[in-house]
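Peer 1: sequence plus the predicted model coming up.
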Amino acid sequence: MVRLKNRYLLVNILYPELEDRKGKTKVPDIVEFNQPTTDAFTAGALLKGLKAEIADVFGDYGSGAISESLNVKYLSPATSTFILRVSRAYYKLAWAALSLMTSVPVKDGKNCVFRVVRVSGTIRKAEEEAIRRARELILKAR
Amino acid sequence: MLYDLNVPWSMDQYHPHQQRTISFLSELGYDTLALNHTITGSLPAAIINPIPAVPSFEIPKKTVLLRRCTLNIVDPSQNYRLPALAAVYDILALRPTTEKAFLAACLSLDSHSIISLDLTQRFSFHFKPKPLMTAINRGIMIEICYSQSMDTSGDGSSARRNFIGNVVAIVRATKGRGLVVSSGAQSVLGVRAPADVLNLLDVWGLKKERGLESLGVNPRGVVVNEGLRRTSFRGVVDVVEGG
């Protein structure tokens, strides 16, 4: 009864916006969608940006509800993937806030789309899914 | 099969952007898309479909593109030549801006299959179950464009507040049935994956089961019905090539 239950969200950052490639070779769309993210995107920046968004959309109620449990468990700017931990009771709030965010929460952050690809009760399954997806992406991008 | 029945199209749109939007939607899992041409004001004398039947750019293999028109109606007693409009497009939707027009669209008008309201506005009337359910029982679905909730430009994001309030009211009045959810995304950044959309709807009061219906079953109903209306005699007799 006293065990705190969490949900681990595996999130991809996608960049669907067209950008002027200035004459470089044409890359397939799927590779452009899954671009790497700037190194300025740290766990701290993500938490700050997400908390600001939750405060904006859900106000003090949302901020208070997730404050104890919100944590970034894994972050890879290179693969534009991160795993977020939220308490089970309020993970939908955090997920909704992520969906409503429109740009990377760093200074002059690019416009992007946050897509939650897996919700899991354990971090192990989220990690396995991340590995599986990375593999799939390499095959798709060939 | 997931549907996105509102991908805004305009005459002077930049083709690579449109292609990008379609490519992104296809990547996220939406198979059938409807390019939506919005008409406000009066109709031209000769009604033609400006959306090209075959896209001038490449689209992903499994994507099906339909052509849709959304007509703003203000006064239902005015003759909008709806049957003529419906004949030219694959899907016809109405956007009533007054209560009279809304009631007419729900109860009496016939040629359309979607009622799409601009949910970022405050409406002077309440959404009552009776007219909405009458419309749904006639086969007319109510549309919710989720990208309007991401519109935070200017005016203290009252757009988002109005949108959520209206969505909550519509879900309450219809009990979640007869809804069609689509992106309505003006740019490719307003598009979200189906799981994200379902979660947003869940937060706003539409349970996952109904949400899934509104992404798959209901839009399919609209597309099939509109197809039947145009090709066969009341869905009973159809002329088929071959044999």
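Peer 2: The structure has been received and is ready for your questions. Numbers count the residues shown, from 1 in each chain, chains lettered A, B, ... in the order given.
Peer 1: now do the end-to-end distance for stretch B:55-75.
Peer 2: When the termini of stretch B:55-75 are compared using CA to CA, to the nearest Å, they are 34 Å apart.
Peer 1: do the same with stretch A:33-48
Peer 2: 24 Å.
Peer 1: where does the chain have low pLDDT?
Peer 2: No chain in the question, so chain A it is. Under the criterion pLDDT under 70, the flagged ranges of chain A are A:21, A:23.
Peer 1: looking at chain B here, not the other one
Peer 2: In chain B, residues with pLDDT under 70: B:151-157, B:234-235, B:243.
Peer 1: spell out which residues of chain B are next to chain A.
Peer 2: Contact residues (CB under 8 Å from any CB of the partner chain) of chain B with chain A: B:16-17, B:20-21, B:23-24, B:27-28, B:149-150, B:157, B:160, B:187-189, B:191-193, B:195-197, B:199-200, B:202-203. Using the backbone N, CA and C atoms, a C-beta is placed for each residue, glycine as well.
Peer 1: among these, which are in helices?
Peer 2: Judged by DSSP state H, helices contain the following of these: B:16-17, B:20-21, B:23-24, B:27-28, B:160, B:195-197, B:199-200, B:202-203.
Peer 1: contacting residues for residue B:128?
Peer 2: Contact analysis of residue B:128 by CB atoms under 8 Å, 6 or more residues apart in numbering or on different chains lists residue B:173.
Peer 1: are any of the residues of chain B next to chain A buried, and if so which?
Peer 2: If you count burial by 16 or more other CB atoms under 10 Å in any protein chain shown, the buried members of those come out as B:20-21, B:23-24, B:27-28, B:149-150, B:157, B:160, B:188-189, B:191-193, B:195-197, B:199-200, B:202-203.
Peer 1: next, count neighbours for residue A:41.
Peer 2: For residue A:41, the count of nearby residues is 22 (other CB atoms under 10 Å in any protein chain shown).
Peer 1: name the single longest strand found in chain B.
Peer 2: If you go by DSSP state E, chain B has its longest strand at strand B:64-73.
Peer 1: show me what it pairs with in its sheet, parallel or antiparallel.
Peer 2: strand B:32-39 (parallel), strand B:91-96 (parallel) (DSSP bridges).
Peer 1: so what does the helix or strand just after the shortest one touch, helix or strand wise?
Peer 2: Sequence order places helix B:99-107 as the next helix or strand after strand B:91-96, per DSSP states H and E. When contacts are defined as 3 or more CB pairs under 8 Å, 6 or more residues apart in numbering or on different chains; DSSP states H and E, helix B:99-107 sits against strand B:64-73, strand B:91-96, strand B:114-116, helix B:129-138.
Peer 1: pull out the buried positions in the first one.
Peer 2: Buried residues in strand B:64-73, counting neighbours by 16+ other CB under 10 Å, are found at B:65, B:66, B:67, B:68, B:69, B:70, B:71, B:72, B:73.
Peer 1: which of those sits closest to chain A?
Peer 2: residue B:65 (16.7 Å; CB to the nearest CB).
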